[in-house]
Structure formats: structure tokens, C-alpha cells
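**Q** Build me a model:
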Amino acid sequence: MKRRKLLILFLFAGTSIFAQQAEFQSDSLKNIELKTIEVFGEAKRNIETEMKMAVSIDEFLASSEQISFIKRGAYAWEPLLNNMSTERSTITIDGMHIFGACTDKMDPVTSYVESNNLAGIDIKSGQEGGLHGSTVAGNIELKRKQSRFTTQNGFKGSYQTGFELNNKQFFNLGNVSFSNEKWVADASISYRQAENYFDGNQKEIKHSQFKKLNTSLGVAYKTSELSLVRLDGIFDMAKDVGFPALPMDLWLSRGLITSVSYKQLFEKSWIRLWDTKLYFNTIEHYMDDTTRPENLVHMDMPGWSTTYGLLSKINLKNNDYSSEIQLNAYQNLSIAEMRMYPQDRSKRTMFAYTWPWVTTSYAGISMNNAWDISRNHQMNFGGSLGLNHHYAKYPDFNWIFYPGASQEKNRILPSLFLSYHSDYKPIKFSLGSGYGHRAPSVSEAYGYYIYNSFDRYDYIGNPDLKNEISYEINASAEISGERFSLRAQANYFYIQNYIIGKILNLGSPMNYQSVGVKAYTSLDYATIFNLSLKARYDVLKHLHWNGILTYARGKDNQSGNLPFIRPLNYQTSLQAHLGNFGIQTSLNGDFKQRNFSPFYGEDSTPAYMIWNLSADYNWRFNQYKVALQVGAENLLNEYYSTYADWGNIPRMGRNLFTSVKFNF
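**A** Residues are numbered from 1 along each chain as shown. Just a heads-up that it's a prediction; the model follows:
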């Protein structure tokens, strides 16, 4: 405890020491506060954080105060937006809907891209994220790199390689692009391979290894001065992925994501842009336990997900009014199987569809509007109307528990939002509200004996669940100057018909590790409150401090605690730069989890604090720009497990890392 206090004093007190030693000089680069995380622009730099150049998508998202994660291992973390599971948010790639093929949610959309083929990530909270479909928590939009047309033929590229000591992870990331007046091409490839990691007690966490290959290609042709056609594709493959928190591992996961789009710009018209895209993606995911000889009964759980979609949007602009109107339609087929074997795997004893060939069809129209009332006042408003259709080819499994349940279901999904923004520098203020519906997910509606190793129950879906209905209010306030900024933002969700699992007296567990059966059901309501404070202080021209403090509280209609609600959390960091040299240090951690839910399998988790340190050096070598970085995560080798670590699996201990990047 004494050691922790000294580290905190180092980071916070160090700012005042440096402030007294030198006079501040104004930096020409002003910070712009955005509601979203955006790291794309003219430079199109890779996604990275101050602490680490070669971050994964998960590590980058974790730097946002709005995102937390459920972790079942070292790979494919499940992102929680506003402390809500992925069923309540939409995650899209350039507006395209992709649905995972794993009933255990071990392949979120974020696992099918890599940091070197993305230009940015856009996070919109609540109903303001409803442009791409019905949501409660909001939208996470993954934006792919797209180079610009140039007047002369030009090639650009980068290569990055590195090593992480704890789990012996090697990674290689490569990018190349070509552009001229008529053509643009962007290509990327990446490969990561890691062995089992070790926790803070130097204990090996078995089944935490992974291998991942990702490639992408995008080609655009300018059909006129104001129009273009573009083809895009992503191929991702993961093999031999261990999940220490689960009784099974991943043998193979493959994803193919493709699209063709046409974009037309307009001059001297209130219509500024028309962009239409057709897309197709297919995912296959094979979970098995062949590496778990201790299991008494062996099981395979393959899954498949195929999606066809259309996305068409128009951007309008007329004086102080701008609008985006979007048509969004897709059809997804989700299939998942469960096969059980005795010790002699040549004999099959049981087969069932855990997703019984469920087709989801959706069509919706949405509108986002911005009205600049005056120089200091702006109004944002909009909404959407969607039609959702579910159809299960083999509903017999659900009829065992819900005789006569709907084989198909039509739902109307409306949403509205309104927000007001005031900007009287140095003070900014916003206030907003939202209303929206969400349809049950495939698992919530048609899932059959989906084993949850967190609370050790088998879950059964209910096709006749009501829509979730969300009522939301949000507010933010900010004060800023040349050397500092302080921002507070909060939101409150009242969610009617909140879908969650409850113990079902009928039936017996199918998995020998299960303690019972739960069915997805609707609570009368649940509430979730989120609050964050974000601060920045420029101690010197080249010395900067940042801090984030977040708090969340979730309750059901009986005032019981909701699961996976993050306890009080903090992040604080210092970054210093002198010429080509930079050094960064940070502390982050959670306070003790006191508001846990034993009913949903949670227990209390102790407080923890992690200290990270890294240094980098940048220089030019002929036409190359080179960056070298070395660092350490969890420098003090803390042994810890968080509220969101499935089955209290401990996190990684001390991890030394290094990477080098060449730009040409």
C-alpha cells in the first residue's frame, strides 16, 4: 500500500514540480474535444495510444472512458459500451453489420480487424448511435483506411514488428498504398502469435495462447471528377486460440468481409454526397475441447454466420442546417451446433442446434440532423424506424420449454434523440435525451442450452420476449484553456423489459458442469448510470498530464445489482517529449468491487493498481521514418483479477515489450 501511494504521489505531484521549474510556452497544436474517439485525418496514422505503438483494437478501445471489456482470455475481448453487453450495442465496419458465429461471444466484430487496417474508431453513445440500426448502449464504428487520390503516382507504406516477453508474442504488421489521379489501392497484412501468459505470481495461465492472420485490400477508381467506385475486402483467420476461462478452446475462426460502393459528390447543391454500398460477409467459428482431456464428456460447438446488406446514405447541407439520411437493410443467417461425445470420440451421443438456423431480416431508415441556431448554440436531433423479422427453421428445441412459441416474429423498432449544445468559450455545455427499442438477439430469442461458465448455467432463449425500451438522458460540461481542460459527462438509462437470465425450474442441465438451467426473461425495468471526469494539463510545452475517473451503477427492478458494472476506475498518465525522444508513464486501476451480484455469478474483486512505463525514439534514415519503442506493462508484477474477468482468471503479470516501425 505504501508503494502504491508513492507512485500516485509521483504522477500527481510531479506535475507541480515541473510547473515551478519552467515557464509554460503555448503549443501551436490545440486540443479539440470530441464526443467520439477519432484518430483519422490527413496523416492517417495507425491506431495507437501514448503508452504503446503496437496496440490491438481491444487495447485501443480500452483507453476510452466509455468502453470496458469482458475477458475470457488474452484474445477477442467483448467490448461493453456504457457498461452494457454487446447485445445492446451495434458494432459496424464502415457501416456494415457483421455478426459473430460463436454462442459464447468469443468472436466480437472487433476481433475480425487489425489496428493497421483501420484509420479510426467512432464511438457514439445511446440513441445518437442509432444511425446504423436499433441500439440501447450506442454504436462503435470501425473505419477502414482509405488513401486519397493524388496528382502523381505515389507509393507509401509501413512495416512494424515487435515482441512481448510475458507470453512470447511476436507480431508483424505491414501496409502499402498506391495513388494517382484515377486509382487508389490500400493493402495490409498482419500476423500475431503468442504462447501462454504468466500472472503476477509467475503462474502459467494455460490455454491462453493464440495465432491470428489478418489481410485487407481496398481499390478505388475515380469514374469522374466527383464520383468513384470502390471494392473492399478483409480476410481474418485465427487458429489454436485458448480461452482459460472456458471449458473449450477455439480450433479455427475465419471471416471474409467484402463490399462494393459507389460515391457521388455534388457541387453547388444542397445535396452534398450520395454513398451506396452493397456488402457480404461470412464467419465460421469452431469451438472444441480436444485440448482438454480432463473433460469427462467431449463437445464440439461449430457456428456459422452469413450476412448480406445494403447501405445507402445522403448528406445534405443548407446554410446552418445539415442532415444525413440513411437506408440500412441486411439479412443474416446464424447457425450453431452442439455435438457431445463420450471418451471414445468415434461415438456420437447427442446433437442439437444451439442456434436453430435463425434468419434475421432488418430494414430501417434513419436521420441525423444538426442545426446551428447561432454562433454559440447548436441543436442535434434525429431518429430511425426499423422493421425486424426473425425466423427459425428448426423451432422444435424452443418448443420443449415454450410450447407454441413463435417460429417467426415481426417487430417495429423506433428511436428518437434530441440534444442541445452551448459553446461560450472557455465553457461548453450539452443536454440530451433519447428513446429507442431493441429486439432480442438470436441467443436471447432462440438460444438452446448455451452454457455460461461464469454462473455455470445453461441458457434457453424465448422467441416471444418483448422489445427492450430505453429512455435516456445525458449531459456534459467542460471548461478549457490553453494549458488545461476539465470535462464531466454523465448518462442515465431507464430500460423497460430488460432482458436477462433467470433460473428455470423446468428441465435439467445438459452440460455436466452446469448447476441448472436459466431462461432469458424480461425484468420490469433496470437502470444504469454512468459518470466520467476527464482532465488534461500541459505542465510544459512538451510535458503533458491526463487523467480519467469513471463511475457506474446498475440496478434491476428489485434494487439488486446488475452484473458486469464497472467499479470506480481511474487512469492517469504523464507524457514528456524532448526532440526525437519521448517517455510515458501511467497508472490505472479499479477500486474494490462492492456492488456485485451473487445471483448472476459475481463475487467481490479487490482493488488493484497497474504501473506502466515506455520510451520511444524517432528519427529519419534517407527516405525512411523510423520509430523505436521499449516499455513495460504491469511493471510491479501485480497479481490481480477484475470484475469483468470471466471466472476470476488472473490478468497478465509484468510484460516487457519492444517494437520498431518503418514508414516509407
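**Q** The residue nearest the centre of the chain in helix, strand or coil?
**A** Central residue of the chain (CA atoms, centre = their mean): residue 79, 4.3 Å from the mean position. Using DSSP: H, G, I helix; E, B strand; the rest coil, the structure places residue 79 in strand.
**Q** Local confidence estimate at residue 365?
**A** pLDDT recorded at residue 365 is 97.
**Q** ok, back up a step: show me what contacts the residue nearest to the centre of the chain?
**A** Applying CB atoms under 8 Å, 6 or more residues apart in numbering, we find residue 79 in contact with 58, 61, 67, 68, 69, 86, 89, 91, 108, 110, 140. To be clear about C-beta, it is placed using only N, CA and C from the backbone, and glycine gets the same treatment.
**Q** Equivalent analysis for residue 601, please.
**A** 452, 454, 455, 456, 563.
**Q** By neighbour count, which of those residues wins?
**A** residue 563 (23 neighbours; other CB atoms under 10 Å).
**Q** and that residue, what helix or strand is that in?
**A** Secondary structure assignment for residue 563, by DSSP states H and E: no helix or strand.
**Q** ok, now how distant is it from residue 556?
**A** Using CB to CB, to the nearest Å, residue 563 is found at 10 Å from residue 556.
**Q** for residue 657, same thing?
**A** 41 Å.
**Q** One more: residue 96?
**A** 34 Å.
**Q** Ok, residue 389 next?
**A** 30 Å.
**Q** swap in residue 121?
**A** In terms of CB to CB, residue 121 sits 31 Å off from residue 556.
**Q** So which of the two has more stuff around it?
**A** Each of residue 121 and residue 556 has its neighbours counted (other CB under 10 Å); residue 121 has more, 23 against 20.
**Q** so the more buried one makes contact with residue 141?
**A** Yes: with contact defined as CB atoms under 8 Å, residue 121 counts as touching residue 141 (6.9 Å).
**Q** one step back: so which of the contacts of residue 601 comes closest to residue 191?
**A** residue 454 (31.3 Å; CB to CB).
**Q** Please name the residues that touch residue 112.
**A** Contacts of residue 112 by CB under 8 Å, 6+ apart are 93, 98, 214, 234, 236, 255, 257, 283.
**Q** and residue 444, backbone torsions?
**A** phi -70, psi -30 (degrees, to the nearest 10).
**Q** could you measure it against residue 390, distance?
**A** 10 Å.
**Q** just residue 155 next, same as before
**A** For residue 155 relative to residue 390 (CB to CB), the value is 48 Å.
**Q** Residue 192 now?
**A** 36 Å.
**Q** Correct me if wrong, but residue 232 is in a strand.
**A** Yes: according to three-state DSSP, residue 232 belongs to a strand.
**Q** just the helices in the chain please.
**A** 2-21, 57-61, 396-399, 442-446 (DSSP state H).
**Q** okay, how far is it across stretch 231-250, tip to tip?
**A** Its first and final residues considered, stretch 231-250 spans 31 Å by CA to CA, to the nearest Å.
**Q** buried stuff in that stretch?
**A** 232-238, 241-250 (16 or more other CB atoms under 10 Å).
**Q** Could you do stretch 325-344 as well?
**A** Buried-residue list, stretch 325-344, by 16+ other CB under 10 Å: 325-326, 328-341.
**Q** Could you pull up the mean pLDDT of it?
**A** Rounded mean pLDDT across stretch 325-344 is 91.
**Q** so where's the chain shaky on pLDDT?
**A** 1-46, 343-348, 511-512 (pLDDT under 70).
**Q** mind checking the longest strand of it?
**A** The single longest strand within the chain, with elements called by DSSP state E, is strand 350-372.
**Q** pull the CA atoms of it into PDB?
**A** C-alpha atoms of strand 350-372 as PDB (Å, rounded to 0.1, in the frame of the first residue of the first chain):
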ATOM      1  CA  MET A 350     -26.000 -36.200 -28.700                       C
ATOM      2  CA  PHE A 351     -26.700 -33.400 -31.300                       C
ATOM      3  CA  ALA A 352     -28.600 -30.200 -31.000                       C
ATOM      4  CA  TYR A 353     -28.900 -26.800 -32.700                       C
ATOM      5  CA  THR A 354     -28.000 -24.100 -30.200                       C
ATOM      6  CA  TRP A 355     -28.900 -21.600 -32.900                       C
ATOM      7  CA  PRO A 356     -31.600 -23.300 -35.000                       C
ATOM      8  CA  TRP A 357     -30.900 -21.800 -38.400                       C
ATOM      9  CA  VAL A 358     -32.200 -18.300 -37.400                       C
ATOM     10  CA  THR A 359     -32.700 -15.700 -40.200                       C
ATOM     11  CA  THR A 360     -32.700 -12.100 -39.100                       C
ATOM     12  CA  SER A 361     -34.000  -9.600 -41.700                       C
ATOM     13  CA  TYR A 362     -33.800  -5.800 -41.000                       C
ATOM     14  CA  ALA A 363     -34.700  -2.700 -42.900                       C
ATOM     15  CA  GLY A 364     -34.600   0.800 -41.500                       C
ATOM     16  CA  ILE A 365     -34.400   4.400 -42.300                       C
ATOM     17  CA  SER A 366     -32.700   6.900 -40.100                       C
ATOM     18  CA  MET A 367     -31.900  10.600 -40.000                       C
ATOM     19  CA  ASN A 368     -29.400  12.700 -38.100                       C
ATOM     20  CA  ASN A 369     -29.700  16.500 -38.200                       C
ATOM     21  CA  ALA A 370     -27.600  19.400 -37.000                       C
ATOM     22  CA  TRP A 371     -29.000  22.900 -36.700                       C
ATOM     23  CA  ASP A 372     -26.600  25.800 -35.900                       C
END
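**Q** other SSEs contacting that strand?
**A** Contacting strand 350-372 under the criterion 3 or more CB pairs under 8 Å, 6 or more residues apart in numbering; DSSP states H and E are the following elements: strand 298-318, strand 321-341, strand 377-392, helix 396-399, helix 442-446.
**Q** Try it again at 6 Å.
**A** Packed against strand 350-372 by the contact rule (3 or more CB pairs under 6 Å, 6 or more residues apart in numbering; DSSP states H and E) you find strand 321-341, strand 377-392, helix 442-446.
**Q** rewinding a little: how close does the residue nearest to the centre of the chain get to residue 96?
**A** From residue 79 to residue 96 the distance is 17 Å (CB to CB).
**Q** ok, now residue 135?
**A** Residue 135 is 15 Å from residue 96, by CB to CB.
**Q** more crowded one of the two?
**A** residue 135 (30 against 26).
**Q** Farthest pair within the contacts of residue 601?
**A** 456 and 563 (13.8 Å).
**Q** So which bits of the longest strand of the chain are buried?
**A** Applying 16+ other CB under 10 Å to strand 350-372 flags 352-362, 364, 366-370 as buried.
**Q** Kindly report the same for stretch 630-643.
**A** 631, 632, 633, 634, 635, 637, 638, 640, 641, 642, 643.
**Q** wouldn't the third one be in contact with residue 612 here?
**A** Yes: the pair residue 633 / residue 612 is scored as a contact, 5.0 Å apart, by CB atoms under 6 Å.
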